[in-house]
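Novice: What follows is a protein structure lacking sequence information:
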């Protein structure tokens, strides 16, 4: 019997296991499907990681490496090359591995840290032929950074998510010509620093309010057609630009990977595509927790670590004290807010402060973030700039929650 | 000298090869692509129709009903996914209810068993997600769904196991009559055969014209589809058609044997094998399908594709020996219900060839069985035992579809091993899931590279010329 089984050995799983160990759990197992720990960070060889958590700038593998060494210095058990097939509500974990065979393990608590996957061409129904040369940005990143192969030489990138921006620079450094980055929204989906460092510094044009309306080529991509879109994101006839290229990279969004979560009957929030979680990252089944990109897609791994440390601590507390009962507040999206994590807060669970991650649904300047309950204003935060591509965070002092009745609502008011 | 050379290894050619491989004959199959099932066989609705659609008395009517029954049995024997889930044709008006009555009459004449008319409410009891606008439905319990490319593969593999020879990447460039039979010129040299079977799908017109004077014209018609994630796969349990019209059977909504939801097709005339998707075609499919099942969530789309129907200017399959080309058998115009009829077409082809003088002596050692391991479907105890025996089954390569390294390696040991990433996909389902090969792609490339003994740079996505990778990265070249 394990105190805790962590599903996934990426940044979320590593931090969660580490925190649980530090809070006194001694029978902890990380199950990782890949042949090494670190998850997607292993292919993120660019820098910019760790500014918050380690107060210095690291590459992805370096950031992962620090957590891996910390976890390796504990007694946390690690099973690599092992895939979890099923998680049950009574906390059995069924898994298969090349070396370990088929196993069923019982745990007192489980932390879900399976990460996310990329949206594909099919998800956005791009018209045209279906030749080789259409890759998700993350798959291309793996080929370049881990397999040592360049998947294309003349490249158009659809979507301005961070991986797409990073790959625009990476492909350029490898000698490819990146012709354009095309974004359907009127604003970028990635971090501002990536727009500057990955596109502007390399003179790669960013076409906002544009999309790919046709892929051409029988065997390999030969051309993509890019059109301007109207306010409703419909292509405007007559605005077509044709790019001669051999590759189209897609950076059109990430989806939390929650197949195990759904199988176990855990409640999913359609806004995040991740499990609904309480203030301590516990899901709708007591004793099961979720953290990192499986829960909601993060921009910064530092935030993943922070969230996952809390999940690990909460798992340790669950093993000691069992269920956390008490009054529940629902966190609602007000105007301007597209989701919040957590979605529910148990007052008894909030020690001093309660952090809330959220995203806005449009670009706003000089705004106020309002926390209200019914007619009552509970807290107010000022922000000079808000964008959907940048996750926001507020810290709500626990005492203020006493003013709330049944639910609280987060909204944005632009000055 | 071959007894029979078959041109084309889609479902029709594979079925003919399978049926012929039961006899003591020298059979060859010439396929232009680097794999079987590369035309309409891999891009269609994946349905074995009950058989009420075709006009009574036509070849389509006769071969559809028999074909669906035969294919069902063969899927069992050859371990091909197939499920008799039944179908409904939906009516939305009095006028369409009349069409249902006509389909019922035709179906009964064609010998389709168990057909039954349902009221709108009765239909909604069986299919709660049906539109409230549906006023009546024709239920056909014998309709089934299957994996068309796996059926094609299974038929071709069984033919090869029984001695048929498959020549891939072999394109026919000319046909001429000789004293003993036919001389078949290809990009890989000359083949000679007593009989030639034309199963070239959308190219059957070109092949026919090489051997005989023109007697039919291809009128290819493109159908576009959506394939939705498994979370939409259980929204309905029957194949749901709308009333057929001049463009064909219309847009259907159906579960697939792999657990997804398939929606389509459109019907647009195209020149040749143009399988591109179009914004208008996809919009038509979405809007039309929502009339049948208003709750379909198209945000769960994981792939669009299109297939081209090998339609001709005739209203029926074009099967027979042209008068001016003795020994040359057309199996042409195999559009819907072509998949349903395919096995019966193969059987009928043998009958026609026998009638034309092909000696049909049955083999005593014909082997008609095929099994493959589907790790995902095994019980816990079976999984444990299998990994114990071969640890490669313990490594999951495709996360979305739970496909193991063991299954991938095993498909290289079959009579028709894969030559591309999509070839592996058609054999073991890697990359068919919601991430569409984003995670498993590089691993499949690695395994292909190892098994085929070539550099990853040579690995193809699918057809010849579809290389995935361009060159080594800087600095990586040294350690090749």
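Specialist: It's in. These numbers were taken from a predicted model, which means no experiment stands behind them.
Novice: Look through the stretch 51-200 of chain A and state the residue closest to chain B.
Specialist: Closest to chain B within the stretch 51-200 of chain A is residue A:148: 3.1 Å, counting by Cβ to the nearest Cβ. The C-beta positions use only the backbone N, C-alpha and C, and glycine is treated the same way.
Novice: Next, work out how far apart that residue and residue A:221 are.
Specialist: 22 Å (Cβ to Cβ, to the nearest Å).
Novice: Name the residue in these two with the higher neighbour count.
Specialist: Of the pair residue A:148 and residue A:221, residue A:221 is the one with more neighbours under other Cβ atoms under 10 Å in any protein chain shown, namely 27 against 18.
Novice: Tell me which stretches of the stretch 51-200 of chain B form helices.
Specialist: Remark: helices assigned in the stretch 51-200 of chain B by DSSP state H, counting those that start in this stretch are B:59-77, B:94-109, B:120-126, B:148-161.
Novice: quick one, which of those helices is nearest to chain A?
Specialist: Among the helices of the stretch 51-200 of chain B, helix B:148-161 comes nearest to chain A, with 15.4 Å by Cβ to the nearest Cβ.
Novice: host element of the residue of chain A most remote from its centre?
Specialist: Residue farthest from the centre of chain A, counting by Cα atoms, centre = their mean, is residue A:238 at 36.7 Å. In this structure, residue A:238 sits in neither a helix nor a strand according to DSSP states H and E.
Novice: who's in contact with it?
Specialist: Contact analysis of residue A:238 by Cβ atoms under 8 Å, 6 or more residues apart in numbering or on different chains lists nothing.
Novice: What of residue A:272?
Specialist: Applying Cβ under 8 Å, 6+ apart, the residues near residue A:272 are A:256, A:295, A:296, A:297, A:339, A:341.
Novice: Doesn't the fifth one lie inside a strand?
Specialist: When you say that, I think you mean residue A:339. Yes: checked against DSSP: H, G, I helix; E, B strand; the rest coil, residue A:339 lies within a strand.
Novice: Any idea what it is bridged to?
Specialist: residue A:359 (DSSP bridges).
Novice: Return the residues of the stretch 251-400 of chain A in contact with chain B.
Specialist: A:255, A:259, A:262 (Cβ under 8 Å from any Cβ of the partner chain).
Novice: Just put those residues in TSV and tack on neighbour count.
Specialist: Below are those laid out as TSV (neighbours: other Cβ atoms under 10 Å in any protein chain shown):
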residue	neighbour count
A:255	19
A:259	17
A:262	12
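Novice: Now tabulate those in TSV and tack on pLDDT and secondary structure.
Specialist: Shown next, in TSV, are those (pLDDT from 0 to 100; DSSP: H, G, I helix; E, B strand; the rest coil):
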residue	pLDDT	secondary structure
A:255	94	strand
A:259	94	helix
A:262	95	helix
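Novice: one step back: among the helices of the stretch 51-200 of chain B, which is the most enclosed?
Specialist: Counting by mean count of other Cβ atoms under 10 Å in any protein chain shown, helix B:148-161 has the highest mean neighbour count of these, with a mean of 26.
Novice: so what does that one touch, helix or strand wise?
Specialist: On a contact count with 3 or more Cβ pairs under 8 Å, 6 or more residues apart in numbering or on different chains; DSSP states H and E, helix B:148-161 meets helix B:11-20, strand B:27-30, helix B:59-77, strand B:165-167, helix B:338-355, helix B:421-428.
Novice: Those residues of the stretch 101-250 of chain B touching chain A, which are they?
Specialist: Going by Cβ under 8 Å from any Cβ, the residues of the stretch 101-250 of chain B near chain A are B:226, B:227, B:231.
Novice: Highest neighbour count among those residues?
Specialist: Scoring these on neighbours with other Cβ under 10 Å, the highest-scoring entry is residue B:226 at 27 neighbours.
Novice: That one and residue B:260 touch, don't they?
Specialist: No: using Cβ atoms under 8 Å, residue B:226 makes no contact with residue B:260, being 9.8 Å away.
Novice: if we can go back for a sec, which one of the contacts of residue A:272 is nearest to chain B?
Specialist: Lowest distance from chain B to the contacts of residue A:272 (Cβ to the nearest Cβ) belongs to residue A:256, with 11.8 Å.
Novice: Contacts only, for residue A:42.
Specialist: So residue A:42 contacts A:36, A:60, A:61, A:64, A:146 (Cβ under 8 Å, 6+ apart).
Novice: Is residue B:475 in a helix, a strand, or coil?
Specialist: coil.
Novice: re earlier: wait, the residue of the stretch 51-200 of chain A closest to chain B touches residue B:473, no?
Specialist: Yes: between residue A:148 and residue B:473 a contact is recorded at 5.0 Å, counting by Cβ under 8 Å.
Novice: Name the residue of chain B that lies nearest to chain A.
Specialist: residue B:476 (3.1 Å).
Novice: so how far is residue B:291 from that residue?
Specialist: Plainly put, residue B:476 is 53 Å away from residue B:291 if you go by Cβ to Cβ.
Novice: possible to save the helices and strands packed on helix B:148-161 as JSON lines with mean pLDDT?
Specialist: Shown next, in JSON lines, are the helices and strands packed on helix B:148-161 (pLDDT from 0 to 100):
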{"stretch": "helix B:11-20", "mean pLDDT": "98"}
{"stretch": "strand B:27-30", "mean pLDDT": "98"}
{"stretch": "helix B:59-77", "mean pLDDT": "97"}
{"stretch": "strand B:165-167", "mean pLDDT": "98"}
{"stretch": "helix B:338-355", "mean pLDDT": "98"}
{"stretch": "helix B:421-428", "mean pLDDT": "98"}
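Novice: Those: which one's closest to residue B:447?
Specialist: Of all the helices and strands packed on helix B:148-161, it is helix B:421-428 that lies closest to residue B:447, at 7.7 Å by Cβ to Cβ.
Novice: tell me what the closest one is packed against?
Specialist: helix B:148-161, helix B:405-411, helix B:441-452.
Novice: Strands - which of the residues of the stretch 101-250 of chain B next to chain A land there?
Specialist: B:226, B:227 (DSSP state E).
Novice: Format the residues of the stretch 101-250 of chain B next to chain A as a markdown table; extra columns: pLDDT.
Specialist: Output for those, formatted as a markdown table (pLDDT from 0 to 100):
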| residue | pLDDT |
| --- | --- |
| B:226 | 98 |
| B:227 | 98 |
| B:231 | 91 |
